[in-house]
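*Asks:* what would the 3D arrangement of this be:
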Amino acid sequence: WACWKTYAGRAENNKARMSAMTVLGSALCAEDQEGALRVREAELAMMWRLGDSEEHILITQTNLAINYDLLGRREEALSLRRKVYTGCLKRSGEGHERTLRAASNYASSFTGLKRFEEARTLLRKTMPVARRVLG
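*Replies:* Numbers count the residues shown, from 1 in each chain. A predicted model of the protein is given here:
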């Protein structure tokens, strides 16, 4: 909290303030999932308001999906991971490492919800690409 308090009074679009919010969300993940969730949701809302880059928004959505998952909010995690996968696919293409990681996370969400056929379908689509790209 000390890091956040140092920068909280600065303008919302201040880079140090935004970084402090990210650090706070990450630090809270270890001890206070609900607190981390509130910080991540506020961080994402701020990013949308300020028109942050799509890449930064996708990273924050990935972190938020992790929080949802850890809190047992698996449907919300799945929804965000779908958005991240779609965003990575549009932004970087199917063969980009970030897209492949997003596909794996998305499939993992299906598995956590015991939706195995959907996970299998997604992985059957992405595994050949992963083999080709990653070797």
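
*Asks:* CA atoms for contacts and neighbours, from now on please.
*Replies:* Noted.

*Asks:* now the helices: where do they sit in the chain?
*Replies:* For the chain, helices defined by DSSP state H occupy the ranges 2-7, 15-29, 33-50, 54-70, 74-92, 97-112, 116-134.

*Asks:* want to throw these into CSV with mean neighbour count?
*Replies:* Conversion of the helices of the chain to CSV gives the following (neighbours: other C-alpha atoms under 10 Å):
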stretch, mean neighbour count
helix 2-7, 14
helix 15-29, 18
helix 33-50, 17
helix 54-70, 20
helix 74-92, 19
helix 97-112, 21
helix 116-134, 14
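
*Asks:* any chance of these in CSV, with mean pLDDT too?
*Replies:* Converted to CSV, those look like this (pLDDT from 0 to 100):
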stretch, mean pLDDT
helix 2-7, 57
helix 15-29, 75
helix 33-50, 90
helix 54-70, 94
helix 74-92, 97
helix 97-112, 96
helix 116-134, 96
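
*Asks:* spatially central residue for this protein, please.
*Replies:* Thr62 (0.7 Å; C-alpha atoms, centre = their mean).

*Asks:* would you confirm that that one contacts Arg82?
*Replies:* No. In terms of C-alpha atoms under 8 Å, Thr62 does not count as a neighbour of Arg82; the distance is 10.0 Å.

*Asks:* wait, what's in contact with Glu118?
*Replies:* When the contact criterion is C-alpha atoms under 8 Å, 6 or more residues apart in numbering, the partners of Glu118 are Ala107, Phe110.

*Asks:* any idea how far it is from Ala107?
*Replies:* With the distance defined as C-alpha to C-alpha, to the nearest Å, Glu118 ends up 8 Å from Ala107.

*Asks:* backbone dihedrals for His96, please?
*Replies:* phi -80, psi 140 (degrees, to the nearest 10).

*Asks:* and it, what pLDDT?
*Replies:* What the model reports for His96 is a pLDDT of 95.
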